[in-house]
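K.L.:
predicted coordinates and the sequence they were generated for:
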Amino acid sequence: MPRFAANLSMMYTEYPFLDRFAAAARDGFKAVEYLFPYEYATSDLASLLRKNGLRQVLFNAPPGNWQAGERGLACLPGREEEFQEGIRRALKYAAALACSKVHAMAGIALPGVDRAILRHTYAANLA
């Protein structure tokens, strides 16, 4: 039997973000995911999950500068420390939210950078 999670970044956008947990629960969802938790305290998010009988099943690691168009750091040479710091932050959130899946966003390939270097950086960061 399929199980679905409400993506709170995309669904219930008529509500402020923190009110979307209750909306998902009212509609019968048992799990939620969303892009990024980092502007909220882990204690607030964990409380909303408990209060609404929901499980956190996925969120993304920090993406770099989202407003500037960055979509992850994992493959970007020269950004390894920033990527690792983001993973440390994501793991703290994952532990606090009892979430077993974090998406490590690869990033957008930089023009002129050899793809072998991008692959190597990506693999080294994930290792």
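P.N.:
The structure has been received and is ready for your questions.
K.L.:
and Asn7, what are its phi and psi?
P.N.:
phi -90, psi 100 (degrees, to the nearest 10).
K.L.:
over to Ala98?
P.N.:
For Ala98, the backbone dihedrals (degrees, to the nearest 10) come out as phi 50, psi 40.
K.L.:
domain parsing of this protein, as residue ranges.
P.N.:
Domain assignment for the chain by automatic domain parsing gives 1-60, 61-127.
K.L.:
helices along the chain, start to end?
P.N.:
Along the chain, counting by DSSP state H, helices occupy 20-26, 42-51, 80-97, 115-126.
K.L.:
deepest of these, which one?
P.N.:
helix 20-26 (a mean of 18; mean count of other Cβ atoms under 10 Å). Using the backbone N, CA and C atoms, a C-beta is placed for each residue, glycine as well.
K.L.:
so in the protein, which strand runs the longest?
P.N.:
In terms of residue count, the longest strand belonging to the chain (DSSP state E) is strand 55-60.
K.L.:
how far does that one sit from the chain's center?
P.N.:
Its chain's average C-alpha position is 7 Å from that of strand 55-60, according to Cα atoms, centre = their mean, to the nearest Å.
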